[in-house]
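Q: Here is a sequence together with a model predicted from it:
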Amino acid sequence: QVQLQQSGAELAKPGTSVKLSCKASGYTFTSYYIYWVKQRPGQGLEWIGYIYPGNGGTYYSEKFKGKATFTADTSSSTAYMLLGSLTPEDSAYYFCARGSPDYFDYWGQGVMVTVSS
Amino acid sequence: DIQMTQSPASLSASLGETVTIECRASEDIYSNLAWYQQKPGNSPQLLIYDANSLADGVPSRFSGSGSGTQYSLKINSLQSEDVASYFCQQYNNYPFTFGSGTKLEIK
């Protein structure tokens, strides 16, 4: 069955970076987009962008350009999102989701990132 | 960016009732719309795609309709397990955008 397993919670200091992972299983990793979505506690959903592991192509929402960087390792079927120059406004849950191709049919369990000094 | 205006923000209904959630896009999105359900503490789950197609495993009491800029999600025979937040999402244009969500509770 399709699964997206995300890495564990992160506690980071302002100005540093965190790298989140999303390990896919149960389908051909290179045939589907991986999207990333941000959700602040009790708030709505915010689309960050995507990576297409088949060719490494990426797209970033304007708001997250310079903030997020997507990569993918096809040998381990794992997608990554690097979040840099962290501020308290980056504290949120981050979800990866499989794109089919544009709506999200499977989601990871989410990972909480807390930015605090 | 396409703005998705979702209403109501919260909704309280009785078991067995029918409820409807609306989503209005700031421009025509040509039925490129999905609905998601997010239960407390969980990740969102796909309910509806292409405005009216039911995702695999989703109960038939959920249905979607609409076109152009106006879309709706209907839940028939409300069950206790339907307590959740519901979000619409357009995927007609980048950046994909979500509605602000509807929190559904049981009376």
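A: Cool, got the structure. Residues are numbered from 1 along each chain as shown, chains lettered A, B, ... in the order given.
Q: What about residue 57, how many residues nearby?
A: I'll assume chain A. 12 (other CB atoms under 10 Å in any protein chain shown). Heads up, the C-betas are built off the backbone N, CA and C, glycines and all.
Q: The chain in question should be chain B.
A: Using other CB under 10 Å, residue B:57 is surrounded by 7 other residues.
Q: Contacts only, for residue 22.
A: As the question left the chain open, I've gone with chain A. Going by CB atoms under 8 Å, 6 or more residues apart in numbering or on different chains, residue A:22 touches A:4-7, A:34, A:78-81, A:96, A:108.
Q: you looked at the wrong chain, it should be chain B
A: So residue B:22 contacts B:6-7, B:70-72 (CB under 8 Å, 6+ apart).
Q: Bridge partners for it, pull those for me.
A: With DSSP bridges as the criterion, residue B:22 is bridged to residue B:7, residue B:72.
Q: Which helix or which strand is home to the residue minimising distance to the centre of chain B?
A: Of all residues in chain B, the one closest to the mean position by CA atoms, centre = their mean is residue B:35, 3.9 Å from it. Residue B:35 belongs to strand B:33-38 when assigned by DSSP states H and E.
Q: so what strands line up beside that strand?
A: strand B:45-49 (antiparallel), strand B:84-90 (antiparallel).
Q: For the shortest one, output the C-alpha coordinates as CSV.
A: Taking only C-alpha atoms (Å, rounded to 0.1, in the frame of the first residue of the first chain), the coordinates of strand B:45-49 have been written out as CSV:
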residue,chain,number,x,y,z
GLN,B,45,-7.3,12.9,3.5
LEU,B,46,-8.6,13.2,-0.1
LEU,B,47,-12.4,13.1,-0.4
ILE,B,48,-13.2,14.5,-3.8
TYR,B,49,-11.2,15.4,-6.9
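Q: Now tell me what touches it from outside.
A: By CB under 8 Å, 6+ apart, the surrounding residues in contact with strand B:45-49 are A:100, A:103-107, B:33-39, B:54-55, B:58, B:62-64, B:73, B:86.
Q: Show the buried residues in the residues you listed.
A: The neighbour count (16 or more other CB atoms under 10 Å in any protein chain shown) marks A:100, A:103-107, B:33-38, B:55, B:58, B:62-64, B:73, B:86 as buried among the contacts of strand B:45-49.
Q: Strands of chain B, start to end?
A: B:4-7, B:10-13, B:19-25, B:33-38, B:45-49, B:53-54, B:62-67, B:70-75, B:84-90, B:97-98, B:102-106 (DSSP state E).
Q: Which strands or helices does the first one pack on?
A: In this structure, strand B:4-7 makes packing contacts with strand B:19-25, strand B:84-90, judged by 3 or more CB pairs under 8 Å, 6 or more residues apart in numbering or on different chains; DSSP states H and E.
Q: hmm, back to that, to residue A:58, which of the strands of chain B lies closest?
A: Closest to residue A:58 of the strands of chain B, according to CB to CB: strand B:97-98, at 18.6 Å.
Q: Now do that closest one: distance to the chain's middle.
A: Centre-to-centre, strand B:97-98 and its host chain are 12 Å apart (CA atoms, centre = their mean, to the nearest Å).
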